[in-house]
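J.: turn this into a structure:
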Amino acid sequence: MHQFRDDLIHAGLAALYYTGTHHLLRPIFEGVGAIFTMHHVRPASGAEFRPNRQLEITPNFLRSMLLHLRSRGIDIITLDELHQRLREGDVSRRFACFTFDDGYRDNRDFALPVMREFDAPFTVYVTSDFAEGIGKLWWITLERVIAKASVLEVVVDGAAKRIEVRAPAAKQIAFERLRRWLRSLPGDQDISREIAALAAPHGIDETAVCRDLCMSWDELKSFADDPLVTIGAHTITHCNLGKQTEAKATREIAVSRSRIEEILKRPVEHFAYPYGDKTAAAAREFALTRNAGFKTAVTTRPGMIFSKSADHLTALRRVSLNGNYQYSRVLPVLTSGAATAMWNGFRRVDAA
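T.: So this is what the prediction gives:
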């Protein structure tokens, strides 16, 4: 199913480009700007099994997007400036913002040097437990378990299953199946329980995964001192806020912010919802971040920024720079708004 969806998206992006439809749709759907979302920026891996590859782009692809934006005269601005422009109705020039979720070390090692080449500001949304070194990146743990294993013993919906995962194709199928199952569980504590049960027999230490990939507080202190860097909040534990009680969701939002402010000694005024789709960020969550006083909060719902987005500053859409689609012809399609318009049924703003 995942491969079919990827193939469909590839075909759709190619069709928009080669037919020139993105040129026709640009005046209607390019909006006033875009917020780009990324996770990892690092050199391409030669590994055959990379089920989370959609979350990583290469430094060269990031550079290509920055060159494309500069060639079109698009301003690359901070989220503070985005907030100001939208509030003041200053939409005379199109803009782009760059955002990175979770707080990965490769944001410092590989993204920052590229952003410096273009004097381009960006925001990194930090999950505070990740910076603490105690977080659980279950999707990475799942990948590492399957990469290491030849056979998985797992209980799915009460039924014991033995899954052969020797070949890369079998590993990919198992990952997709187990990821869907884990995302369907009632709460984050259920995911944690099942991942722990999967990881233990294969000697995978979940918190070691976190420390291996994420910047520590000490690393974030020096990183945040760079004038191009803004630090935002991304909850304490990277939980699905939509599945939490209101009290728990409020705490995840507020404490993540206060921890970052206390340790990094700087205000935190921007927020990103973990997972960020409609199951994780909807009207209640938009109200919670608004009431908490954040200037902006971003989802992972695909879409451009329009003047009307000023009325929904805690429900902002983003455009994913996806590791599955790293080729030059995707750049003008993404910045035209054509791809996200088609994905959204040609709705411009959806804050429900």
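J.: show me the contacts for the closest residue to residue 246 other than its chain neighbours.
T.: Closest residue to residue 246 apart from its sequence neighbours, by Cβ to Cβ, 6 or more residues apart in numbering: residue 284 at 6.9 Å. In this view, the C-beta of every residue, glycine as well, is placed from N, C-alpha and C. Counting by Cβ atoms under 8 Å, 6 or more residues apart in numbering, residue 284 touches 242, 246, 249.
J.: same check on residue 196?
T.: Counted by Cβ under 8 Å, 6+ apart, residue 196 has contacts residue 206.
J.: that one looks like it's in a strand, true?
T.: No: under DSSP: H, G, I helix; E, B strand; the rest coil, residue 196 falls outside any strand and is assigned helix.
J.: for this structure, longest helix please?
T.: The helix that spans the most residues within the chain, counting by DSSP state H, is helix 246-264.
J.: and that helix, what's buried?
T.: By neighbour count on 16 or more other Cβ atoms under 10 Å, the buried set for helix 246-264 is 249, 250, 252, 253, 254, 256, 257, 259, 260, 263, 264.
J.: equivalent analysis for stretch 260-278, please.
T.: 260, 263, 264, 268, 269, 270, 271, 272, 273, 274, 275, 276.
J.: residue 98 and residue 33 touch, don't they?
T.: No: judged on Cβ atoms under 8 Å, residue 98 makes no contact with residue 33 at a distance of 11.6 Å.
J.: next up, phi/psi of the nearest residue to residue 152 once chain neighbours are set aside, please.
T.: Sequence neighbours aside, residue 163 is the residue nearest to residue 152 in space, at 4.3 Å (criterion: Cβ to Cβ, 6+ apart). Note on residue 163: its backbone torsions stand at phi -120, psi 120 [degrees, to the nearest 10].
J.: that older thread, neighbour count: residue 98 and residue 33, which is higher?
T.: Higher neighbour count among residue 98 and residue 33: residue 98, with 27 against 23, using other Cβ atoms under 10 Å.
J.: residues of the host helix or strand of residue 209 that come out buried?
T.: Assigning secondary structure by DSSP states H and E places residue 209 in helix 206-213. Buried residues in helix 206-213, counted by 16+ other Cβ under 10 Å: 206, 207, 209, 210, 211, 213.
J.: mind listing what the first one touches?
T.: Residue 206 makes contact with 136, 137, 138, 141, 195, 196, 199, according to Cβ under 8 Å, 6+ apart.
J.: go on, the last one?
T.: Counting by Cβ under 8 Å, 6+ apart, residue 213 makes contact with 104, 105, 106, 137, 140.
J.: what does the fourth one give?
T.: With contacts taken as Cβ under 8 Å, 6+ apart, residue 210 has the following neighbours: 129, 130, 133, 134, 135, 136, 137.
J.: looking at these, which is nearest residue 234?
T.: residue 130 (8.3 Å; Cβ to Cβ).
J.: element containing that closest one, please.
T.: helix 128-132.
J.: ok, back up a step: and the contacts of residue 210, which are buried?
T.: For those, buried by 16+ other Cβ under 10 Å: 129, 130, 135, 136, 137.
J.: can you add distance to residue 94 and give these back as a markdown table?
T.: Shown next, in a markdown table, are these (distance: Cβ to Cβ, whole Å):
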| residue | distance to residue 94 |
| --- | --- |
| 129 | 37 |
| 130 | 33 |
| 135 | 36 |
| 136 | 39 |
| 137 | 35 |
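J.: closest to residue 320 out of the contacts of residue 284?
T.: Nearest to residue 320 among the contacts of residue 284 is residue 242, at 19.4 Å by Cβ to Cβ.
J.: residue contacts, that closest one?
T.: 279, 280, 281, 282, 284, 285.
J.: mind giving me the packing neighbours of the longest helix of the chain?
T.: Counting contacts by 3 or more Cβ pairs under 8 Å, 6 or more residues apart in numbering; DSSP states H and E, helix 246-264 packs against helix 128-132, helix 217-224, strand 229-233, helix 283-291.
J.: mind putting those in TSV, mean pLDDT and distance to residue 299 included?
T.: Below are the helices and strands packed on helix 246-264 laid out as TSV (pLDDT from 0 to 100; distance: least, Cβ to Cβ, whole Å):
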stretch	mean pLDDT	distance to residue 299
helix 128-132	98	20
helix 217-224	98	24
strand 229-233	98	13
helix 283-291	98	9
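J.: now those in TSV, with distance to residue 150?
T.: Formatted as TSV, the helices and strands packed on helix 246-264 follow (distance: least, Cβ to Cβ, whole Å):
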stretch	distance to residue 150
helix 128-132	30
helix 217-224	36
strand 229-233	40
helix 283-291	41
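J.: closest to residue 86 out of those?
T.: helix 283-291 (14.2 Å).
J.: what angle sits between that closest one and strand 229-233?
T.: Per axes from the mean of the first three to the mean of the last three Cα atoms, to 10 degrees, the angle that helix 283-291 makes with strand 229-233 is 130 degrees.
J.: what angle do helix 283-291 and helix 246-264 make?
T.: 40 degrees.
J.: let's see the helix or strand that comes right after helix 283-291 as CSV, backbone CA atoms only.
T.: Per DSSP H and E, helix 283-291 leads on to strand 296-302 as the next helix or strand towards the C-terminus. Output of strand 296-302 as CSV, limited to C-alpha atoms (Å, rounded to 0.1, in the frame of the first residue of the first chain):
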residue,chain,number,x,y,z
THR,A,296,2.4,30.2,15.4
ALA,A,297,1.9,26.4,15.5
VAL,A,298,2.4,24.2,12.5
THR,A,299,0.8,20.9,11.3
THR,A,300,1.9,18.4,8.8
ARG,A,301,-1.2,18.9,6.7
PRO,A,302,0.0,19.8,3.2
